[in-house]
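Enquirer: Make a model of this:
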Amino acid sequence: QVQLVESGGGLVQAGGSVRLSCAASGRTFSSYAMGWFRQAPGKEREFVAAINRIGASTYYADSVKGRFTISRDNAKNTVALQMNGLKPEDTAVYYCAAAARRNWGTPRSNNEYDYWGQGTQVTVSS
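Expert: Presented below is the predicted three-dimensional model:
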């Protein structure tokens, strides 16, 4: 089992940058593919980015491709999401998640992930 804690959210102006971090407990972090999702008010949770268990493969939603970068440090049990060129439509609660299955891939569906963090708010002002 793994526990996930996100940090780094906040208020930023459009065009600015924010770096989110997710710290995982446990000794098997490298056994999980990791993902970031987000949920805006009144909307369903949506996929943002994923990275496989060793960080060799990444995948992004079209809406963030070229602006966001996912990375992981298995020695430190962390996964990060660097968000540049932020837009007001990026405003949401951002969640990190861990997937035990398909851990060599980049899972993109909510139901492929087994553990979730509590979320961190990112607000982009225009």
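Enquirer: mind listing what the residue positioned nearest the centre of the chain touches?
Expert: The centre of the chain sits closest to residue 36, judged by Cα atoms, centre = their mean, with a distance of 2.2 Å. By Cβ atoms under 8 Å, 6 or more residues apart in numbering, the contact set of residue 36 is 20, 22, 48, 49, 50, 70, 79, 81, 94, 95, 96, 97. Where you see a C-beta, it was placed from the backbone N, CA and C, and this is true even at glycine.
Enquirer: which stretch of helix or strand covers residue 56?
Expert: For residue 56, there is no helix or strand it lies in under DSSP states H and E.
Enquirer: Neighbours of it, how many?
Expert: 8 (other Cβ atoms under 10 Å).
Enquirer: How about residue 123?
Expert: Residue 123: 15 neighbours (other Cβ under 10 Å).
Enquirer: shouldn't it be in contact with residue 16?
Expert: No. With contact defined as Cβ atoms under 8 Å, residue 123 does not count as touching residue 16 (11.0 Å).
Enquirer: The spatially closest residue to residue 68 that is not a sequence neighbour and residue 56: what is the separation?
Expert: Computed as Cβ to Cβ, 6 or more residues apart in numbering, the closest residue to residue 68 that is not its neighbour in sequence is residue 83, at 5.1 Å. Distance of residue 83 to residue 56, given as Cβ to Cβ, to the nearest Å: 22 Å.
Enquirer: and stretch 103-122, how far apart are its ends?
Expert: Taking Cα to Cα, to the nearest Å, the first and last residues of stretch 103-122 lie 27 Å apart.
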